[in-house]
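K.L.:
following is a predicted model, sequence given first.
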Amino acid sequence: MRRSIRAGLSVLALGGGLAAFFAYGGPLSAAPPVPPPAAPAPKADAPAPRVVAVVPPGYEKVTVAGHTALAEPNDVAWVKQALTDTKPPAKNGVTPADMIQTLVDKRAALTKQMVTDLALPDDKAVNEFLDTKVISTLKKLDELRPPIFYLVITQDKLRDLTKTGWGEPRYHYNGVANAAAVDDSLPYSIDKPMDDTILPAFYNDKDAADVRAKNLAAGLQNFDANLAANGARQANPAVFNLFVGFIQEKQIDPLKLKRDQSWLGSGVANFLAAKYTAVVTGVDKNRMLQELTSEPNLFPVSARSVDLAHPLDEASMKASVVPYYTVSMQRKATAVVAVWVDQAGEAAIPRTLTALRAKMPADGAALVKVIQDVTGADLSKYLAAN
């Protein structure tokens with residue numbers, strides 16, 4: 001899992017500390033299916049080497065309690081004091097560590113529910129998945145510490161530094177503005193070692209050393225809090241996607257559903273993933289389902305226009321439309337499964353899976369008939385375009 005967050009930093013002349021803004025994040029929520037790219041990206045011959053921080057000339061590393069700053073020799077004393085005075089951020093909300101403990105506490109009930117919902121013969125696959133995927137991912141999120149170096153500097157000094165070519169491509173000199181331009185994105189990954197990132201921490205050289213130290217310490221503490229919050233925001237969509245993957249790959253794919261039957265797979269996977277994710281992360285299941293089924297204004301393909309029982313063939317559509325049509329299929333499929341479970345009860349899913357494993361229906365219409373026979377619910381009108 002890789003994300004990029006924005007992290008612009010500045011020590012303000014009038015106080016206020018290090019201002020940090022994260023563009024990635026927002027409310028903790030399940031991630032709806034993402035449109036696939038029009039064409040797969042070419043595979044690289046080898047993974048790109050990890051980027052290692054290059055200390056600018058005349059600067060030295062100052063490391064205290066997990067924070068590393070880059071400062072000029074005359075600034076080292078007050079910078080070291082600022083790092084020493086930086087307090088750990090206060091806990092805010094549910095953390096990945098909390099989610100791990102919740103899973104430990106509720107594991108037996110969750111495992112039993114998954115075995116029942118998926119009509120499994122035993123809990124072996126579920127326990128292996130929880131151990132190797134869910135808990136492992138939450139531990140990585142909890143322990144994740146991006147390798148950040150804070151460049152303590154003034155705006156003018158950074159401008160002069162970038163004139164020499166230092167810091168390319170993240171930093172460069174903008175001749176038109178006569179100022180340094182900075183890419184302040186922060187790569188965020190649990191799948192591989194993260195690149196070193198040097199972020200600017202600007203100070204006002206007219207401030208006294210103790211004021212600079214106070215502002216830097218406050219800013220770092222605020223930034224640390226935002227980093228922790230970002231890790232927590234990553235957890236819910238990460239856990240949701242893990243559950244979707246487990247259900248889809250281990251339970252749905254073996255059924256070899258045809259295109260006019262595929263709605264059942266994506267709908268069941270999303271519905272059950274939201275149900276299980278709610279147990280682990282504490283995010284309301286209905287809130288996740290609402291986000292999964294809500295359609296943005298002016299979305300290119302309306303879910304209402306999709307006939308899940310007779311979906312269009314991808315070859316008949318423009319390539320640019322296919323990803324949007326796919327998302328709308330998944331969105332509507334999730335809504336149909338939610339209605340189905342509401343009408344027939346949650347036992348409808350395992351009963352249907354059991355019937356399909358015994359004998360797969362020939363096509364989409366036959367699948368609808370099996371569901372009606374097994375669960376008593378006729379989903380025809382919900383699958384149709386309207």
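P.N.:
That came through fine. Residues are numbered from 1 along each chain as shown.

K.L.:
quick one, helices of this structure?
P.N.:
Under the criterion DSSP state H, helices of the chain are mapped to 76-85, 96-117, 124-129, 136-143, 155-163, 209-246, 262-281, 285-293, 322-344, 348-358, 364-375, 380-383.

K.L.:
return the list of helices and strands in contact with the third one.
P.N.:
Okay, so that is helix 124-129. helix 96-117 (3 or more C-beta pairs under 8 Å, 6 or more residues apart in numbering; DSSP states H and E). For every residue, glycine as well, the C-beta is placed using N, CA and C.

K.L.:
return the list of helices and strands in contact with the helix it packs on.
P.N.:
Packing partners of helix 96-117 (3+ C-beta pairs under 8 Å, 6+ apart): helix 124-129, helix 136-143, helix 209-246, helix 262-281, helix 348-358.

K.L.:
including distance to residue 67, mean neighbour count and mean pLDDT, could the ones you listed go into JSON lines?
P.N.:
Below are these laid out as JSON lines (distance: least, C-beta to C-beta, whole Å; neighbours: other C-beta atoms under 10 Å; pLDDT from 0 to 100):
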{"stretch": "helix 124-129", "distance to residue 67": "37", "mean neighbour count": "16", "mean pLDDT": "98"}
{"stretch": "helix 136-143", "distance to residue 67": "17", "mean neighbour count": "18", "mean pLDDT": "92"}
{"stretch": "helix 209-246", "distance to residue 67": "6", "mean neighbour count": "21", "mean pLDDT": "92"}
{"stretch": "helix 262-281", "distance to residue 67": "29", "mean neighbour count": "24", "mean pLDDT": "98"}
{"stretch": "helix 348-358", "distance to residue 67": "49", "mean neighbour count": "17", "mean pLDDT": "98"}
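
K.L.:
out of these, nearest to residue 95?
P.N.:
Of all these, helix 209-246 sits nearest to residue 95, with 5.4 Å by C-beta to C-beta.

K.L.:
run the angle between the closest one and helix 285-293 for me.
P.N.:
Counting by axes from the mean of the first three to the mean of the last three C-alpha atoms, to 10 degrees, helix 209-246 lies at 80 degrees to helix 285-293.

K.L.:
among the helices and strands packed on helix 96-117, which comes closest to residue 178?
P.N.:
Of all the helices and strands packed on helix 96-117, helix 209-246 sits nearest to residue 178, with 24.6 Å by C-beta to C-beta.

K.L.:
walk me through the domains of the chain.
P.N.:
2-95+144-235, 256-383 (automatic domain parsing).

K.L.:
go through the ones you listed and pick out the most buried.
P.N.:
Highest mean neighbour count of these: domain 256-383, a mean of 18 (counted as mean count of other C-beta atoms under 10 Å).

K.L.:
related to what we said a few turns ago, any chance of the helices and strands packed on helix 96-117 in CSV, plus distance to residue 201?
P.N.:
Below are the helices and strands packed on helix 96-117 laid out as CSV (distance: least, C-beta to C-beta, whole Å):
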stretch, distance to residue 201
helix 124-129, 42
helix 136-143, 25
helix 209-246, 6
helix 262-281, 33
helix 348-358, 53
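
K.L.:
tell me which of those helices sits nearest to residue 323.
P.N.:
Of the helices and strands packed on helix 96-117, the one closest to residue 323 (C-beta to C-beta) turns out to be helix 262-281, at 14.2 Å.

K.L.:
compute the inter-axis angle for the closest one and helix 136-143.
P.N.:
50 degrees.

K.L.:
what helices and strands are in contact with helix 262-281?
P.N.:
Under the contact criterion of 3+ C-beta pairs under 8 Å, 6+ apart, helix 262-281 touches helix 96-117, helix 209-246, helix 285-293, helix 322-344, helix 348-358.

K.L.:
for that helix, the distance to its chain's centre please.
P.N.:
Computed by C-alpha atoms, centre = their mean, to the nearest Å, the separation of helix 262-281 from the middle of its chain amounts to 17 Å.

K.L.:
likewise for stretch 128-138?
P.N.:
For stretch 128-138, the distance to the chain centre is 16 Å (C-alpha atoms, centre = their mean).

K.L.:
coming back round to it: nearest to residue 58, of the helices of the chain?
P.N.:
Across the helices of the chain, closest to residue 58 is helix 155-163 (C-beta to C-beta), at 8.9 Å.

K.L.:
remind me which residues of this structure are low pLDDT?
P.N.:
1-46 (pLDDT under 70).

K.L.:
what's the closest of the helices and strands packed on helix 96-117 to residue 368?
P.N.:
helix 262-281 (9.5 Å).

K.L.:
that closest one vs helix 96-117, what angle?
P.N.:
Going by the same axes, to 10 degrees, helix 262-281 makes 140 degrees with helix 96-117.

K.L.:
put the alpha carbons of helix 262-281 into PDB.
P.N.:
Extracted C-alpha coordinates of helix 262-281, given in PDB (Å, rounded to 0.1, in the frame of the first residue of the first chain):
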ATOM      1  CA  SER A 262     -20.400 -11.200 -11.600                       C
ATOM      2  CA  TRP A 263     -22.600  -8.700  -9.700                       C
ATOM      3  CA  LEU A 264     -23.100 -11.300  -7.000                       C
ATOM      4  CA  GLY A 265     -19.400 -11.600  -6.300                       C
ATOM      5  CA  SER A 266     -18.600  -7.900  -6.100                       C
ATOM      6  CA  GLY A 267     -21.700  -7.200  -4.100                       C
ATOM      7  CA  VAL A 268     -21.200 -10.000  -1.600                       C
ATOM      8  CA  ALA A 269     -17.500  -9.100  -1.200                       C
ATOM      9  CA  ASN A 270     -18.200  -5.400  -0.500                       C
ATOM     10  CA  PHE A 271     -21.100  -6.100   1.800                       C
ATOM     11  CA  LEU A 272     -19.400  -8.600   3.900                       C
ATOM     12  CA  ALA A 273     -16.100  -6.700   3.900                       C
ATOM     13  CA  ALA A 274     -17.900  -3.700   5.300                       C
ATOM     14  CA  LYS A 275     -19.500  -5.900   8.000                       C
ATOM     15  CA  TYR A 276     -16.200  -7.400   9.100                       C
ATOM     16  CA  THR A 277     -14.200  -4.100   8.800                       C
ATOM     17  CA  ALA A 278     -16.700  -2.500  11.200                       C
ATOM     18  CA  VAL A 279     -15.800  -5.100  13.800                       C
ATOM     19  CA  VAL A 280     -12.100  -4.400  13.600                       C
ATOM     20  CA  THR A 281     -12.000  -0.600  13.100                       C
END
